[in-house]
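In: Quick check, what structure comes out for this input:
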Amino acid sequence: PADYEPSVETAIDFYAPEAQPVVRQAVKMAIEKGKSFDLELPFITAGGRHIWVRSLGEVEQKNGKPSHLYGAFQDITELVESRRQIEESQRMLQLVLNSIPVGVFWKDREGRYLGVNRCMAQVFGKEDLEWFVGKQDRDLPLFDEESVSFFEKMDREILKTGKPQMGLLRKERVYDGSSIWCESNRLPLRNSSGDIIGILCAWADVTRQKEAQENLQRSEQRLIDSQRIARMGDLFWDVESGAISWSDPLFDLLGYNKEEKIDYAKVQADMQHPEDRKRVEAWLEKALNSNSLILPPEEYRIIRKDGTPMFVRAEGVIYRERGKAKRVFATVQDITAKKVAELELRASEKRFAAFMSALPAYAYIKDASLKISFSNQVDLDLTRRTPEEWIGTRSGDYFIKEVADQLEVLDRQGIEKGKIREWTG
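Out: The predicted structure is shown next:
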């Protein structure tokens, strides 16, 4: 109730068990020593909801001694969750950085390393990423004087002009004595205020590539190949003009020639399955008219150029300007095999049900909890029950306890050992 005034101990009881000693100690120190406190702790509401609160205690002094303790707390559940998500995002970012075959490092304005990723460390034969922190280029064993001078000059130029240095190609030694060609991009590292606080560099081993363009083409080809293997493609759709650009794999998937003009009107007229057209239009309209930047996944049928239908799953992102949807990037994946398998499964289930219903003997199926999940008509006639009355019951619901216990033992043995058991009764 609004007029409820709990005692200090009662109020402490609302904190999660692991937090109560912390609060009691803070209150004790406030009362005895006059120490204020500011804590973030788990809390359980009167309704049983688990939240996080910020608990503050301010001590008022009289004659040099604590006289009053004023307390307040604030629900910070969303803040704590945001922090958790940020930490998870940072963890995932570090995981990605340490998984990619590209070296990454960042420095402060004095050229001291602030961090590196695993690929960078491995080039120097190091496992400990912290080994680099605080060192400068001249402290690294593989860089000769010429390399150090070159890197320092590049860094000074970036710090002075704020302009990145892209596509720098150099041959450098690695820890085993061999050399590799490195193509690097060095950029100014800025804080939230836009001030340059250091250098960020990402480099790739391009020993087998003579030109940076060849490396880019190979990356693009890998993307195209992966889409073809996954039977998918991507597209850009300009919402206002209706213009659509497809990736090469999408042309292949739908059987169209890359020279053909594709726009939204053509997709609607020639490719949308008539039975799915209204549903797809409603899906797109709802997504575009929302404030979301996500085009949620949707499964529907489209018609290939040769006239054959194809089940696809589409999803993507929506690019907006002043809240209005301008462009859509989406992936389209062929899921026909999955859909056919689902249809075949449903047909198989229907055939099984028909077979069970046609048996001249009574038959039923129990689930893992030993409840009846299916019963044929003979069984229903024998028990004189409707499906609603029979489905979900257990042996104990219709047999005496001794018989029911025997059946449950046999049923569990059958489940655990996968063997058919017989029972006569």
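In: And the helix or strand hosting residue 171, what's buried?
Out: Following DSSP states H and E, one finds residue 171 within strand 165-173. The neighbour-count check on strand 165-173 (16 or more other C-beta atoms under 10 Å) flags 165, 168, 172, 173 as buried. Heads up, the C-betas are built off the backbone N, CA and C, glycines and all.
In: Kindly report the same for stretch 89-105.
Out: Neighbour counts over stretch 89-105 (16+ other C-beta under 10 Å) mark 97, 102, 103, 104, 105 as buried.
In: Tally up the residues packed near the nearest residue to the first one once chain neighbours are set aside, please.
Out: Across the structure, with C-beta to C-beta, 6 or more residues apart in numbering as the measure, the residue nearest residue 97 apart from its sequence neighbours is residue 117 (4.2 Å). Residue 117 is flanked by 20 other residues according to other C-beta atoms under 10 Å.
In: Could you report the separation of residue 117 from residue 134?
Out: For residue 117, the distance to residue 134 equals 17 Å [C-beta to C-beta, to the nearest Å].
In: before we move on, what about residue 233?
Out: Distance check for residue 233 against residue 134: by C-beta to C-beta, it reads 48 Å.
In: more neighbours, the two?
Out: When residue 233 and residue 134 are compared on other C-beta under 10 Å, the one with more neighbours turns out to be residue 233, at 23 against 11.
In: For that one, which non-adjacent residue is closest in space?
Out: Once flanking residues are discounted, residue 233 sits nearest to residue 250: 2.6 Å by C-beta to C-beta, 6+ apart.
In: Quick one: residues contacting that neighbour.
Out: When contacts are counted by C-beta atoms under 8 Å, 6 or more residues apart in numbering, residue 250 touches 227, 232, 233, 234, 235, 332.
In: These in strands, which ones?
Out: When DSSP state E defines the strands, the subset of the contacts of residue 250 inside them is 232, 233, 234, 235, 332.
In: From those residues, pick the one nearest residue 65.
Out: Nearest to residue 65, judged by C-beta to C-beta, of the ones in strands among the contacts of residue 250 is residue 234 at 71.2 Å.
In: How many residues are close by that closest one?
Out: Burial of residue 234 is recorded as 18 neighbouring residues (other C-beta under 10 Å).
In: surely it meets residue 333?
Out: No - Residue 234 sits out of contact with residue 333 when judged by C-beta atoms under 8 Å, with a separation of 9.8 Å.
In: picking that back up, what element comes up after the strand holding residue 171 heading to the C-terminus?
Out: Next along from strand 165-173, by DSSP H and E: strand 179-190.
In: so how far is that following strand off the chain centroid?
Out: Taking C-alpha atoms, centre = their mean, to the nearest Å, one finds strand 179-190 lying 29 Å from the centre of the chain it belongs to.
In: before we move on, what about stretch 144-157?
Out: Here the centre of stretch 144-157 is set off from its chain's centre by 40 Å, with C-alpha atoms, centre = their mean.
In: Could you list the buried residues of that stretch?
Out: Within stretch 144-157, the residues that qualify as buried by neighbour count (16+ other C-beta under 10 Å) are 147, 148, 151, 154, 155.
In: Which parts of the stretch 1-150 of the chain are helices?
Out: Using DSSP state H, counting those that start in this stretch, the helices of the stretch 1-150 of the chain run over residues 8-13, 20-33, 77-99, 118-123, 145-161.
In: Secondary structure class of residue 256, three-state.
Out: Assigned state for residue 256: coil (three-state reduction, DSSP: H, G, I helix; E, B strand; the rest coil).
In: separation between the closest residue to it other than its chain neighbours and residue 330?
Out: The spatially closest residue to residue 256, leaving aside those adjacent along the chain, is residue 305, at 5.3 Å (C-beta to C-beta, 6+ apart). Counting by C-beta to C-beta, the gap from residue 305 to residue 330 is 19 Å.
In: And residue 205, by the same measure?
Out: In this structure, residue 205 and residue 330 are separated by 33 Å, where distance is defined by C-beta to C-beta.
In: Wait, a helix at residue 207?
Out: No - checked against three-state DSSP, residue 207 lies outside a helix; its state is coil.
In: Could you count how many residues lie near it?
Out: The tally of other residues near residue 207 (other C-beta under 10 Å) stands at 13.
In: can you pull the pLDDT of it?
Out: Reading off the confidence values, residue 207 has pLDDT 84.
In: got the phi/psi numbers for residue 370?
Out: Main-chain torsions, residue 370, degrees, to the nearest 10: phi 70, psi 30.
In: Not counting its neighbours along the chain, what's nearest it?
Out: For residue 370, the nearest residue in space outside its immediate sequence neighbours is residue 411; the separation is 5.2 Å by C-beta to C-beta, 6+ apart.
In: Look up how far residue 115 lies from that neighbour.
Out: 59 Å.
In: repeat for residue 289
Out: Taking C-beta to C-beta as the measure, residue 289 falls 43 Å from residue 115.
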